[in-house]
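*Asks:* Build the 3D model from these lines:
(one chain, ligands or ions: 2)
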Amino acid sequence: TGSTRPQRLLRAVQKNATQGDPQSVINAIDHFCRHKEWAMNVGDEKGSILDSVVSEVNPSTALELGTYCGYSTVRIARLLPPGSQLITLEFNPAYAAVAKQVIGWAGLQDKVQLVEGPSGDLIPQMKDLFGVQSFDFVFLDHWKDRYLPDAKLLEECSLLRKGSVLLADNVICPGTPEYLEYIRNSPRYESRYFKSHLEYTKVEDGLEKSVFLG
Ligand SMILES: O=C(NCc1cccc(CNc2ccc3[nH]ncc3c2)c1)c1cc(-c2ccc(F)cc2)cc(O)c1O
Ligand SMILES: [Mg+2]
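*Replies:* Numbering: from 1, shown residues only. Ligands and ions are numbered 1, 2, ... in the order given. Next up is the predicted model:
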């Protein structure tokens, strides 16, 4: 039985990145995905947009839907102020196992709660499980047909407050048409599209930033 792509990505991190240095972990993953094997990380180009939005929001509590190998988890957690928390949900146990080690290699395990399970089941438990009142920032990067139901679920569970920011990956490729339709036409959100490219390619993609108005 051979290794999986996430396992090969982890090996590249352990070989090329310095423990406790998040930027070197980010660089090692980007190099691996650009020169060895493409993988569905948000990547360096969209990652810079993610960085700027996270820095602007400066969240105390952040939620990530879809951890994968932990690349965007590391990008977000490295920018969080002391005492803040990032909760990241991953449904696939093999991805979660790799992500846990990538996050640990970056030395960010104290800022991150990696929870295994589907967002639809876990979002309603956020208050009970983690004492979360509301999320200042949410990064959506899981199954594209879950973006809309999960945005609605966050509203219904009162996990968004006036000013909460949702940032959605892949709104062009693979695309999230229902989510875009809803969020751009809802009077409860102010949305803006950041044009970019699908990670490590020239294909168009982008991020949609939406501020919840309460
Ligand atoms: O599909 C994508 N990502 C989502 C995803 C995909 C598979 C498995 C999981 C398992 N993780 C998971 C699932 C459900 C969950 N519920 N709650 C948590 C949770 C976690 C997640 C994706 C695809 C492409 C892409 C592929 C091919 C291509 F040609 C162009 C573009 C690019 C991306 O940047 C992408 O993000
Ligand atoms: Mg993505």
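*Asks:* count of neighbours near the closest residue to ligand 2 within the chain?
*Replies:* In the chain, the residue found nearest to ligand 2 is Asp169; the distance is 3.8 Å by CB to the ion. For every residue, glycine as well, the C-beta is placed using N, CA and C. Using other CB atoms under 10 Å, Asp169 has 31 other residues around it.
*Asks:* Okay, it and ligand 1: tell me how far apart.
*Replies:* Applying CB to the nearest ligand atom, to the nearest Å, the value for Asp169 to ligand 1 is 5 Å.
*Asks:* List phi and psi for the closest residue to that residue other than its chain neighbours.
*Replies:* Spatial nearest neighbour of Asp169, chain neighbours left out: Asp141 (4.3 Å); criterion: CB to CB, 6 or more residues apart in numbering. With angles defined as degrees, to the nearest 10, Asp141 sits at phi -150, psi 30.
*Asks:* about what we covered before: the residue of the chain closest to ligand 2 contacts Lys209, doesn't it?
*Replies:* No - if you go by CB atoms under 8 Å, Asp169 and Lys209 don't touch, sitting 11.0 Å apart.
*Asks:* Run through the bridge partners of Ser210.
*Replies:* Leu166, Ser191 (DSSP bridges).
*Asks:* again with Leu63
*Replies:* Going by DSSP bridges, Leu63 forms beta bridges with Ile87, Val138.
*Asks:* wait, what's in contact with it?
*Replies:* The contact partners of Leu63, taken as CB atoms under 8 Å, 6 or more residues apart in numbering, are Leu86, Ile87, Thr88, Leu89, Met126, Phe135, Phe137, Val138, Phe139, Leu159.
*Asks:* so the last one touches Leu122, yeah?
*Replies:* Translated: Leu159. No - counting by CB under 8 Å, Leu159 stays clear of Leu122, with 11.2 Å between them.
*Asks:* Could you count how many residues lie near Ile49?
*Replies:* 18.
*Asks:* Show me which residues of this structure are close to ligand 1?
*Replies:* Residues of the chain lying close to ligand 1 (CB under 6 Å from any ligand atom) are 40, 65-66, 89-92, 95, 118-119, 141-144, 146, 169-170, 173-174, 198-199.
*Asks:* try 5 Å
*Replies:* Neighbours of ligand 1 within the chain, by CB under 5 Å from any ligand atom: Met40, Gly66, Leu89, Phe91, Asn92, Pro118, Ser119, Asp141, His142, Trp143, Asn170.
*Asks:* Please name the spatially closest residue to the fourth one (chain neighbours excluded).
*Replies:* This points to Phe91. That would be Pro118: by CB to CB, 6+ apart, it lies 5.0 Å from Phe91.
*Asks:* The one you found and Gln125: what is the separation?
*Replies:* As judged by CB to CB, to the nearest Å, Pro118 and Gln125 stand 11 Å apart.
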